[in-house]
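Asker: Just need the structure, nothing else, for what follows:
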Amino acid sequence: MSLLRTPLYEKVKAANGRFVSFGGWEMAVQFAGIQAEHDAVRNAAGLFDVSHMGEIEIKGPEALAAVNRLITNDLERIADGQAVYTCMCQPDGGIVDDLVVYRYSTQHIFICCNAANREKDFAWIAEHLTGDAKAVDRSNEFAQLAVQGPAAPALVQRLTKTDLTPIKRYWFTEGQVAGVPTIISRTGYTGEDGFELYLPLDGAAQVWDALFAAAEGQLSPIGLGARDTLRLEARMALYGNDIDSTTTPLEAGLGWVTKLDKKAFIGLEALQAQKAAGLKRKLVGFKMNGRLPARHGYPVVDAAGAAIGTVTSGSFSPTLKECIGLAYVPVGQDAIGSEIRIQIRDRAEAATIVKTPFLQR
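Answerer: Have a look, this model is predicted:
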C-alpha cells in the first residue's frame, strides 16, 4: 500500500527532508540532523509539518456534554476559546488515544487526535456519541503547522493582524496568517512556547513560505527525530510507546488530566476502582548512569535478571547531554533517586529514577 503524503510534501522535500514511513505517511525524519534541529527549537524556532494529524468536529445542542462523556478531562471547567489535553478511555480505563480538545462553545467542539489513530478515534467517537450531537471527520480538510521555540510567538505575530498577546497556553483563536484563514492554537509537543496552526490544504504552502521569509534566519524545518527528543525531554507521552489501550492515565502519570470527580465518562468507574485499590505500576523517568541509551521495549530487570518492567521511550538528550527515558516499574520501586537496571543487549545497565519533566522551560 502506498504511503500518504501531506500537502507540504514538496516543500519538505525541497528543504532536504529525509523521508521515512510513519503511521502510514511519508514523513521527514530529519533535515540538518537531530542535534541541530533540536537546538534550533530550544534556542530559536522550528517549523514542523504535522498535517498527518487528525481533526474531528462535533456540533449540536449537546456537543459539549457528549464529548465530555468521552474524555477524562472536563470541558465544563474551561471557557469558550480554551482547550484541554486529555485522554479518551475504554470502559476498563485503557487509553484509546490522547487528544487536544478545543471548546468553541457548548455546541461546537474541535478535536485533534494522533495520526495513526484517526480512523479508530472517529469510529470510537461516532459509536459512543450520545445526545443531540454529530461528529464529522475533517482530517482531510486541514493541514497543520507547528511553530515552536522562544522566537516562535513573535514570528507568527509578524504574519497576522490578530493580537496574539492574550492567547495564553491552551487557548486559541481564529485569524488570518499570511492571508490564510487559520485556527491559531497556543499548544505544542516540544516543551517550548509556540503555536499550532490549522490551515486549509490549499493555504499550507503559502504559510510555510511566509514563515521562512519573515523569520530572518531564526526558523529551521524540523523532522520526526527531533520532535521525539524534544517531547521526551518535556516528558510528553507518545501514543503506542508510553501509553496505549493496555495502560491507564493513572499509571501513565496523567492523573492531572483525569478528573475522577466529574460527571460520568467512559472508564470512570474502572479508574476510580484502580485508584482505590492502589496502582501496581507507574511510568517513571530515568537517567542512565552510563553512556548507553535504553530504547523502547528494553526490559527493566531485578537483581536476578527477571523482567519487572519495560522501557517505553529512551534516547540521548541533546540538551542535557545524557541518556534519558521513561519506563513502567512496580509501585514500591518507583521512588525518585532509586536505582533500576535495564537490560541492554547482554548486560544489565544501571539507571536512576529522576523527577520529570527532564527539562523545565
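
Asker: Okay, domains of this protein per the record?
Answerer: With domains defined by automatic domain parsing, the chain comprises 9-50+140-233, 280-354.

Asker: what's the most buried one of the ones you listed?
Answerer: domain 9-50+140-233 (a mean of 19; mean count of other CB atoms under 10 Å). (Glycine included, C-beta is placed from N, CA and C.)

Asker: Residue 132: what secondary structure?
Answerer: What DSSP: H, G, I helix; E, B strand; the rest coil gives for residue 132 is coil.

Asker: ranges for the strands of the stretch 51-200 of the chain?
Answerer: 54-59, 82-89, 95-105, 108-113, 134-137, 142-148, 172-177, 180-185, 194-200 (DSSP state E, counting those that start in this stretch).

Asker: Check which helix or strand residue 316 maps to.
Answerer: Element membership for residue 316 (DSSP states H and E) is strand 307-317.

Asker: by how many degrees do the helix or strand just after that strand and strand 307-317 diverge?
Answerer: From strand 307-317 onward toward the C-terminus, using DSSP H and E, the following helix or strand is strand 322-330. Strand 322-330 runs at 160 degrees relative to strand 307-317, counting by axes from the mean of the first three to the mean of the last three CA atoms, to 10 degrees.

Asker: Export the next helix or strand after strand 322-330 to CSV, keeping only CA atoms.
Answerer: Later in the chain than strand 322-330, the nearest helix or strand by DSSP H and E is strand 339-344. Output in CSV follows, covering the C-alpha atoms of strand 339-344 (Å, rounded to 0.1, in the frame of the first residue of the first chain):
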residue,chain,number,x,y,z
GLU,A,339,18.4,2.7,41.1
ILE,A,340,16.9,0.4,38.5
ARG,A,341,18.6,-1.9,36.0
ILE,A,342,17.8,-2.1,32.3
GLN,A,343,18.8,-5.0,30.1
ILE,A,344,20.7,-3.6,27.1
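
Asker: Which elements pack onto the helix or strand that comes right after strand 339-344?
Answerer: Later in the chain than strand 339-344, the nearest helix or strand by DSSP H and E is strand 347-354. Contact here means 3 or more CB pairs under 8 Å, 6 or more residues apart in numbering; DSSP states H and E; on that basis strand 347-354 packs against strand 281-288, strand 322-330, strand 339-344.

Asker: The shortest one vs strand 281-288, what angle?
Answerer: Translated: strand 339-344. Using the same axes, to 10 degrees: strand 339-344 against strand 281-288 is 80 degrees.

Asker: about what we covered before: Throw the domains of the chain into a markdown table and include distance to residue 257 and mean pLDDT, thanks.
Answerer: A markdown table is the format used below for the domains of the chain (distance: least, CB to CB, whole Å; pLDDT from 0 to 100):
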| stretch | distance to residue 257 | mean pLDDT |
| --- | --- | --- |
| domain 9-50+140-233 | 11 | 98 |
| domain 280-354 | 14 | 97 |
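
Asker: Turn those into CSV, including distance to residue 269.
Answerer: Shown next, in CSV, are those (distance: least, CB to CB, whole Å):
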stretch, distance to residue 269
domain 9-50+140-233, 28
domain 280-354, 18
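
Asker: what residues are up against the residue nearest to residue 8 when sequence neighbours are not counted?
Answerer: Counting by CB to CB, 6 or more residues apart in numbering, residue 49 is the residue found nearest to residue 8 once chain neighbours are left out, at 4.5 Å. Counting by CB atoms under 8 Å, 6 or more residues apart in numbering, residue 49 touches 6, 8, 11-12, 27-28, 143-145, 208, 221.

Asker: which one of the residues you listed is nearest residue 67?
Answerer: For the contacts of residue 49, the minimum distance to residue 67 (CB to CB) is 20.1 Å, reached by residue 144.
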